[in-house]
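S.K.: test case, fold it:
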Amino acid sequence: MKYAFLFLLFAIALSSTSKAQSVIGHAQPGFDQVQADISHGEIDTIYYKSKAVDTIRRALVYTPPGYSKNKKYPVLYLLHGIGGDEYEWLMNGHPEVILDNLYAQGKIVPMVVVLPNGRAMKDDRATGNIMAPDKVKAFATFEKDLLSDLIPYIQKHFSVYTDRSHRAIAGLSMGGGQSLNFGLGNLDKFAWVGSFSAAPNTKTPEELVPDPAMAKKELKLLWISCGASDGLISFSKRTHDYLVKNNVPHIYYIEPGVHEWKVWKNGLYMFSQLIFKAVDTSTFSKYPVVGAPASTNIRGGEYPQILADHRVIFRIKAPDANSVQIDLGKKYDMVKDANSYWTVTTDSIGEGFHYYSLIIDGVAVADPASETFYGMGRMASGIEIPFGDGDFYALKKVPHGDIRIENYFSNVTNSWRQLYIYTPPGYDENTNVKYPVLYILHGGGEDETGWAHQGKANLILDNLIAAQKAKPMLIVMPDANIGFGGFNPEGIELGMKLFEKEMKQAIIPFVENKYRVKTDANNRALAGLSMGGMHTLYTGLYNTDMFAYIGVFSSGWIVPMMDKTANAEYAFMKEHADKINAHLKEFWISEGGPEDIAYKNGKIMLHKLDQLKIKYTYYEYPGGHSWPVWRNDLLHFAPLLFK
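M.R.: Reported below is the predicted structural model:
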């Protein structure tokens, strides 16, 4: 009998744990509707003395059905948005209805829910200019009010547990940011943290979770949810990306919607069923993430949307089109629905930046919902697929340099031309300092905007310089499109000869006359990708008295098309091998692995350099002939310069 009883207790515990560990589904219709035939909790107003604000403040408290002072309850602090107060959830979200219904279904642990006013100031009403600096600051002040005044009051006047394991915090929008800031910033006070559509008040991930190991140890549940089309989704996404990178378990739930109550009510519905129960972190990854708008979409553009597995959903309205495709290197046929929307979901797309086009009735055009970039020889759409290892080009809280656009007159083309220049942090302040220069070239079908926009060269250098991994330098990004011959041996060689003259007679003199730069070879570098790599081979190797550093990314002489040009340079290199080796401090060559279209040409060139006894460094990074590879090339090449 004794063992039977113990087995029964074990079975009940196992059943309870199993139930707690299951994935919670999205709310079904009726979840927020009052049901008359069930027990209901109560909502009361409390008044507490706030030392933080030096006034009497007000909050609402929900006690569950059957609340008894003879029993202890966990507590959820539920925070409102910037335009609300303690009544916002009650008037718009009706948490008492949602929770009553869940209690009736046996889906949640009985808990006390506190709805405070998160605007901690004497006049805490949501009136006038709610964005006024003092009112915004009051949301940060609420942390002290919450910890020092409100929580002690609740613990004194209600029958609640007082340990962190029985305390949760969650909120919407501004309150979602507060929940992350206060919850993650006080892991000794909160074990359960929920954020619904976090607002810009959310601290950076590095500030939220400075010690990932500690967060992993102390957190029982971290919930982050948002509407896929919410303009503020980036604040949730950046936190999620950081947590993934640092292996901090959490639930990231993205659902259809914008910055709206249906998203926040569902967030409460799902979050409340998970807290104060046994947790199985292995279930976290099973929560679906609907497509989130790509970071490269225009403002307000809902599509394309990127799924968790990097498949992409494209959608466009074209009522008069007969056929529509997406061209991402591979072409995908789109399907038209009754409302004239054409839709397709692609295969999983590689991380990083990709050009793409819409093909409408055979004509390739840019997607009006996407930002456009000069590539493929025209303005094309671009999509940025989140990159787990892309932290090196993330916008961070470090000193930033500037991107400057300069127009200069070329005596080679007898015309005005344009280039982009990156100046490092402190350039304008350090007026007595002269800097080295990296001249970096784009690929075929691109122009001077390539490295600044698609390449994120400025962010890469900002982060490298801040980490003291690269010397402060200028980066000059010229337009290498020069000449009139087209894509054939004669046209390419003519273009390279003209660009060599352009560099020597126009670009370098312009930069050295206008900017504080060092003018010797040891402080000049030249690099380029793809076609820019061939320009670099031509201009750089014929002029090692001008450049002590050469970088060739995803390039090499095109075989057999450019054999004549290549053989002439190889002959020059054979005759001047000792001089080239003596002059070059770094001859750095990289390819994007066997999938790179330049890979075979590069290998042929390397074999020839070995025969000529030309010294070089070879680097390989998988990813093909694409910007993720070239961004990585700059990451590894820049630290080698000007040592």
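S.K.: all contacts plus neighbour counts: C-alpha atoms, from now on.
M.R.: Fine.
S.K.: for the protein, which spans come out with low pLDDT?
M.R.: 1-21, 484-485 (pLDDT under 70).
S.K.: let's see that with 80 instead.
M.R.: 1-21, 288-292, 300, 308-309, 388-389, 483-486 (pLDDT under 80).
S.K.: so which residue is dead centre in it?
M.R.: Arg238 (5.5 Å; CA atoms, centre = their mean).
S.K.: for Lys237, see how far away the closest residue to it other than its chain neighbours is.
M.R.: Residue nearest to Arg238 in three dimensions, not counting chain neighbours: Pro205, with 7.0 Å by CA to CA, 6 or more residues apart in numbering. To Lys237, Pro205 is 10 Å away according to CA to CA, to the nearest Å.
S.K.: again, but for Arg315
M.R.: Taken as CA to CA, the span from Arg315 to Lys237 is 22 Å.
S.K.: same question for Lys518.
M.R.: Here the criterion is CA to CA. By it, Lys518 lies 42 Å from Lys237.
S.K.: neighbour-wise, which of those two wins?
M.R.: Lys237 (19 against 16; other CA atoms under 10 Å).
S.K.: the more buried one in helix, strand or coil?
M.R.: Of the three states, Lys237 takes helix according to DSSP: H, G, I helix; E, B strand; the rest coil.
S.K.: now do it against Leu219, distance only.
M.R.: With CA to CA as the criterion, Lys237 and Leu219 are 19 Å apart.
S.K.: go on, Leu78?
M.R.: 18 Å.
S.K.: can you check Asp54 too?
M.R.: In this view, Asp54 and Leu219 are 32 Å apart by CA to CA.
S.K.: who has more neighbours out of these two?
M.R.: Neighbours per residue (other CA under 10 Å) separate Asp54 from Leu219, with Leu219 holding more: 21 against 12.
S.K.: give me the contacts around the helix or strand in which Ile465 is found.
M.R.: In this assignment (DSSP states H and E), Ile465 forms part of helix 457-466. Helix 457-466 is contacted from outside by 392-396, 398-403, 422, 424-425, 451-452, 470-472, 631, 634-635, 638-639, using CA atoms under 8 Å, 6 or more residues apart in numbering.
S.K.: what's the answer for stretch 159-166, then?
M.R.: Contacts of stretch 159-166 (CA under 8 Å, 6+ apart): 68-75, 112, 154-155, 167, 187-192, 220, 276.
S.K.: ok now that stretch, how far from the chain's centre?
M.R.: Per CA atoms, centre = their mean, to the nearest Å, the displacement of stretch 159-166 from the mean C-alpha position of its chain is 36 Å.
S.K.: pull the CA atoms of it into CSV?
M.R.: In CSV, the C-alpha atoms belonging to stretch 159-166 read as follows (Å, rounded to 0.1, in the frame of the first residue of the first chain):
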residue,chain,number,x,y,z
SER,A,159,-0.2,36.4,1.0
VAL,A,160,2.7,36.0,-1.5
TYR,A,161,6.0,34.3,-1.7
THR,A,162,9.0,36.6,-1.2
ASP,A,163,11.7,34.7,-3.1
ARG,A,164,12.9,35.3,-6.7
SER,A,165,11.6,31.8,-7.8
HIS,A,166,8.1,33.0,-7.2
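S.K.: number of residues surrounding the closest residue to Ile359 other than its chain neighbours?
M.R.: Spatial nearest neighbour of Ile359, chain neighbours left out: Gln325 (5.0 Å); criterion: CA to CA, 6+ apart. Gln325 has 23 neighbouring residues, counting by other CA under 10 Å.
S.K.: assumed Gln325 was part of a strand.
M.R.: Yes - assigned with three-state DSSP, Gln325 falls within a strand.
S.K.: ok, now how distant is it from Met379?
M.R.: Gln325 sits at a distance of 18 Å from Met379 (criterion: CA to CA).
S.K.: do Ile298 as well
M.R.: In terms of CA to CA, Ile298 sits 15 Å off from Met379.
S.K.: for Lys245, same thing?
M.R.: Distance from Lys245 to Met379, by CA to CA: 34 Å.
S.K.: one more: Ile108?
M.R.: Ile108 is 54 Å from Met379, by CA to CA.
S.K.: neighbour count: these two, which is higher?
M.R.: Taking other CA under 10 Å, Ile108 and Met379 do not tie; Ile108 has more neighbours (22 against 17).
S.K.: quick one: secondary structure of that one?
M.R.: Assignment for Ile108 (three-state DSSP): coil.
S.K.: that one and Thr431: what is the separation?
M.R.: With distances taken as CA to CA, Ile108 is found 64 Å from Thr431.
S.K.: could you do Phe31 as well?
M.R.: 65 Å.
S.K.: between those two, which has more neighbouring residues?
M.R.: Neighbours per residue, other CA under 10 Å: of Phe31 and Thr431, the larger number sits with Phe31, 17 against 9.
S.K.: tell me which element the closest residue to the more buried one other than its chain neighbours falls in.
M.R.: Spatial nearest neighbour of Phe31, chain neighbours left out: Ile98 (6.0 Å); criterion: CA to CA, 6+ apart. For Ile98, the host element (DSSP H and E) is helix 95-104.
S.K.: repeat for Ile383
M.R.: strand 378-385.
S.K.: in that strand, what counts as buried?
M.R.: 379-385 (16 or more other CA atoms under 10 Å).
S.K.: tell me which of these is nearest to Pro210?
M.R.: Minimum distance to Pro210 across the buried residues of strand 378-385 is 25.9 Å, recorded for Ile385 (CA to CA).
S.K.: next up, the contacts around the closest one.
M.R.: 294, 306, 310, 349-354.
S.K.: any idea where the strands of the stretch 301-450 of the chain begin and end?
M.R.: Assigned by DSSP state E, counting those that start in this stretch, the stretch 301-450 of the chain shows strands spanning 305-306, 311-317, 324-327, 331-333, 335-336, 341-348, 352-360, 363-365, 372-375, 378-385, 402-410, 415-423, 437-441.
S.K.: pairing partners for the fourth one, with directions?
M.R.: Strand partners for strand 331-333, identified by DSSP bridges, are recorded as strand 324-327 (antiparallel).
S.K.: for the partner strand, C-alpha coordinates in CSV please.
M.R.: Extracted C-alpha coordinates of strand 324-327, given in CSV (Å, rounded to 0.1, in the frame of the first residue of the first chain):
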residue,chain,number,x,y,z
VAL,A,324,6.1,36.6,-61.6
GLN,A,325,9.3,35.1,-60.4
ILE,A,326,12.0,35.8,-57.8
ASP,A,327,15.6,35.6,-59.0
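S.K.: which of the residues in it are buried?
M.R.: 324-326.
S.K.: ditto for stretch 417-428
M.R.: Going by neighbour count (16+ other CA under 10 Å), the buried part of stretch 417-428 is 418-425, 427.
S.K.: ok, residues contacting that stretch?
M.R.: Counting by CA under 8 Å, 6+ apart, 399-410, 433, 448-449, 452, 458, 461-462, 472-479 sit against stretch 417-428.
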